[in-house]
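>>> Have a look; sequence and predicted model below, questions after that.
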Amino acid sequence: MIPVRSVTLFGLFGLTVLLFHGCSSRSGSLIGQDLGGQEERIAEPALKEIPPNEAHLTGSRTSPAMQSELTARTATGLDPGILTDILFDFDQEAIQGDALRVLESNAKQLQHDNITLLILEGRGDDIGTSAYNLVLGERRARNVKSSLRRLGVSIDISTTSYGKDRPLCFEHSSECRQKNRSVHLVVQ
């Protein structure tokens, strides 16, 4: 006769194996597995830019009160125009083209004005998740910091990222999105 305790443990073990086997066939990596023409998909809308001609858009997704508050938060540092924002291509963190010339000009201005403290605010546009844009904004800010160091700027530089949560521009347009794909230089 088999003890009841052994049967119960054996039964629990068997049930656990069946549950794990059932769950593993529905989740996990599908790389290298033949699914027989079936794919497991997550229902999530694809990222896309919003067409500029949609009639229901008023040009801004942020209320006027929130726009003024966000503008006040970003209106720090030197007068506008002394240092120029470093702009990035969509979904890119590398400094390229015109952004390199702007960065060199900013480095000369920082050295000329004897600035001692600089904050680099990385940003992203409104496409993608907040978490993704936070990481991308931080990478952009760190790349600008590294480039400033290579150009001989030896001041105290800190980086932060606002991702898409503190935009510099509030409209649904490609020009506005370009302004938000940037590193904003704030002199303290």
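Thanks, I have the structure now. Numbers count the residues shown, from 1 in each chain.
>>> residues near V135, how many?
With neighbours defined by other Cβ atoms under 10 Å, the count for V135 comes to 15. Bear in mind the C-beta positions are built from the backbone N, C-alpha and C, glycine included.
>>> hey, what's the closest residue to it other than its chain neighbours bridged with?
Excluding the flanking residues, the one nearest V135 by Cβ to Cβ, 6 or more residues apart in numbering is S161, at 7.4 Å. Listed beta-bridge partners, S161: G122 (assigned using DSSP bridges).
>>> Give me the neighbour count for S161.
Residues within reach of S161, counting by other Cβ under 10 Å, total 22.
>>> Check Q109 too.
Applying other Cβ under 10 Å, we find 16 other residues in the vicinity of Q109.
>>> Quickly find the element holding it.
helix 98-112 (DSSP states H and E).
>>> Does that helix pack against any helices or strands, and if so which?
strand 86-87, helix 130-150 (3 or more Cβ pairs under 8 Å, 6 or more residues apart in numbering; DSSP states H and E).
>>> how about 6 Å then?
Using 3 or more Cβ pairs under 6 Å, 6 or more residues apart in numbering; DSSP states H and E as the contact criterion, the neighbours of helix 98-112 among helices and strands are strand 86-87.
>>> how much space between the residue nearest to T159 when sequence neighbours are not counted and E93?
Excluding its sequence neighbours, the residue lying closest to T159 (Cβ to Cβ, 6+ apart) is A141, at 3.8 Å. A141 sits 9 Å away from E93 when distances are taken as Cβ to Cβ, to the nearest Å.
>>> Which residue of the two possesses the greater neighbour count?
A141 (27 against 20).
>>> For the more buried one, list the residues it contacts.
If a contact means Cβ atoms under 6 Å, 6 or more residues apart in numbering, then A141 has 120, 122, 159, 183 as its contacts.
>>> if I read this right, the residue nearest to V135 contacts R139, doesn't it?
No - shown here, S161 and R139 do not form a contact pair, counting by Cβ atoms under 6 Å, at 8.3 Å.
>>> by contact count, what packs against the strand or helix carrying L120?
Take DSSP H and E as the rule and L120 turns out to sit in strand 117-123. Helices and strands in packing contact with strand 117-123 are listed as helix 130-150, strand 156-163, strand 182-187; criterion 3+ Cβ pairs under 6 Å, 6+ apart.
>>> Can I get the first one as CSV, trimmed to CA atoms?
Think helix 130-150. What follows is the C-alpha trace of helix 130-150 in CSV, where atoms were taken according to Å, rounded to 0.1, in the frame of the first residue of the first chain:
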residue,chain,number,x,y,z
SER,A,130,7.9,58.0,-21.3
ALA,A,131,10.4,55.4,-20.0
TYR,A,132,12.0,55.0,-23.4
ASN,A,133,12.3,58.8,-23.9
LEU,A,134,13.8,59.2,-20.4
VAL,A,135,16.6,56.8,-21.2
LEU,A,136,17.2,58.4,-24.6
GLY,A,137,17.3,61.9,-23.1
GLU,A,138,19.8,60.8,-20.6
ARG,A,139,22.0,59.2,-23.3
ARG,A,140,21.9,62.4,-25.3
ALA,A,141,22.8,64.5,-22.3
ARG,A,142,25.8,62.2,-21.5
ASN,A,143,27.0,62.3,-25.1
VAL,A,144,26.9,66.1,-25.0
LYS,A,145,28.8,66.1,-21.7
SER,A,146,31.5,63.7,-23.1
SER,A,147,31.9,65.9,-26.2
LEU,A,148,32.2,69.1,-24.2
ARG,A,149,35.0,67.4,-22.2
ARG,A,150,36.8,66.4,-25.4
